[in-house]
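>>> what's the 3D shape of this:
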Amino acid sequence: MADAGSHSHDGHHDPSPDHSHDHGHGARRGVDKVVIAILAIPVLLALFDPMQVRPALVGAAGALAGTLPYILFAVIAVAWLKAAEAEGLVARAFQGHELRMILLAAMVGGLAPFCSCEIIPLIAALLALGAPLSAVMALWLASPLMDPAMFAVTAGGLGLDFALAKTAAAIGIGIGGGLIVRAFAASPVFADPLRKGPAPKASCCGGGTPRGLTVRPEWRFWTDAGRRTVFGRTAAEQFLFLLKWLALAYLLQSLMLAYVPAEMIVATLGGEGLRPVLLAALVGAPAYLNGYAAVPLVAGMVEQGMSPGAAMAFVVAGGISCIPAAVAVWALVKPRVFAAYLGIALGGAVIAGSLWQMA
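You can find the predicted model right below:
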């Protein structure tokens, strides 16, 4: 893995960005499908249900405005962490006793600003360096569920208590998964876990390889021109990314509130007990668009009668097993390890949803 950057002659660290990859958590050169969807929704409404155009746009704009403070907090937090190169803190999670590694890896995964694709080269490097699969699995399970931006958006859409509970679920599932792998490390499931061949590169997030496993963060990033550039670029990319996904999500939420009968939500995912929690966990992955877009949609379903436990199970199962996160695991490990990853994710989602249901 490349170092975090070169050092200039005056001794200052240069965190200049690597432009070999696109950035923006899914941004692509050319046509942006999310923007097309945002524009297409009011056009389709105008064609098939003109009376719904204004309520949909006004409702989405109002919800987006209410979320704006959380968006700004998330943007500043993530940009600061990137400019400071806080990714270097990950190295500390993979030093020392294995149980300590599992605990710290789960905490780093649940709190660090890594998206699902940025974690691919990081995991590949850690495995190549000989990090135990148990600690890597803890990081893998926790990292798709929560980061500073996700926490802010979740708190804004579903409440601070829900955001804290989801963070605890991310860390708890990471620890539990790591302990399971450690306990059965000698079993046929986890023996010789890695696929052969070169490690894949990140693609959906475009951030490239997280820079360095040994670099100490420089929290006073504004003293260095290169870091200020990273901060500004990251803030702009994060703001546009969150803005477009949340705009789409709030438009979809308005359509769901208008056209999906609340009785259907209540009948399917409402009520007490294990059934709605288990069902929400099972449908979480196929129905999961994006961790940020899921928040308004889940908020809308809760408003229509979705049980709290089902909401938690949905976001946890969907976050871990959604396509970007699952591809990251599939690309590096053999199918039996991948199956174990999905099984731990589903079990953790059901447990998290059941606990939240009882809270």
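>>> so how far does stretch 176-192 reach from one end to the other?
Stretch 176-192 has an end-to-end distance of 21 Å (criterion: CA to CA, to the nearest Å).
>>> How far does that stretch sit from its chain's centre?
Relative to its parent chain, stretch 176-192 has a centroid offset of 24 Å by CA atoms, centre = their mean, to the nearest Å.
>>> backbone phi and psi for residue 146, please?
Here is the backbone geometry of residue 146 (degrees, to the nearest 10): phi -150, psi 140.
>>> Thought residue 166 was touching it, still the case?
Yes - between residue 146 and residue 166 a contact is recorded at 6.1 Å, counting by CB atoms under 8 Å. All C-beta atoms are positioned from the backbone trio N, CA, C, and that covers glycine.
>>> So for those two, which residues contact both of them?
residue 154 (CB atoms under 8 Å, 6 or more residues apart in numbering).
>>> Leaving out the residues flanking it, which one is nearest to the residue nearest the centre of the chain?
Geometric centre of the chain, nearest residue: residue 144, 3.6 Å, by CA atoms, centre = their mean. Take residue 144 and drop its neighbours on the chain: the residue closest to it by CB to CB, 6 or more residues apart in numbering is residue 325, 3.9 Å away.
>>> Where does the one you found sit, in terms of helix or strand?
helix 323-330 (DSSP states H and E).
>>> May I have that helix as PDB, with CA atoms only?
The C-alpha coordinates for helix 323-330 follow below in PDB (Å, rounded to 0.1, in the frame of the first residue of the first chain):
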ATOM      1  CA  ILE A 323     -24.300  -4.700  -3.100                       C
ATOM      2  CA  PRO A 324     -21.300  -2.400  -2.500                       C
ATOM      3  CA  ALA A 325     -20.500  -3.900   0.900                       C
ATOM      4  CA  ALA A 326     -21.200  -7.500  -0.300                       C
ATOM      5  CA  VAL A 327     -19.000  -7.100  -3.400                       C
ATOM      6  CA  ALA A 328     -16.200  -5.900  -1.200                       C
ATOM      7  CA  VAL A 329     -16.300  -9.200   0.700                       C
ATOM      8  CA  TRP A 330     -17.000 -11.400  -2.300                       C
END
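>>> So which elements touch that helix?
helix 119-128, helix 335-358 (3 or more CB pairs under 8 Å, 6 or more residues apart in numbering; DSSP states H and E).
>>> Quick check: mean pLDDT of the first one?
Spelled out, that is helix 119-128. For helix 119-128, the mean per-residue pLDDT is 68.
>>> next helix or strand past that helix?
Following helix 119-128 toward the C-terminus (DSSP H and E): helix 133-142.
>>> what does that following helix contact?
90, 93-94, 98, 101-110, 119, 123, 126-127, 170-171, 173-175, 177-179, 181-182, 185, 190, 193, 320, 328-329, 337, 341, 344-345, 348.
>>> let's go with 7 Å and repeat that
Helix 133-142 has contacts (CB atoms under 7 Å, 6 or more residues apart in numbering) with 93-94, 98, 101-102, 105-106, 108-110, 123, 126-127, 170-171, 173-175, 177-178, 181-182, 185, 190, 193, 320, 329, 341, 344-345.
>>> Assign a three-state SS to the residue nearest to the centre of the chain, would you?
Three-state assignment for residue 144 (DSSP: H, G, I helix; E, B strand; the rest coil): coil.
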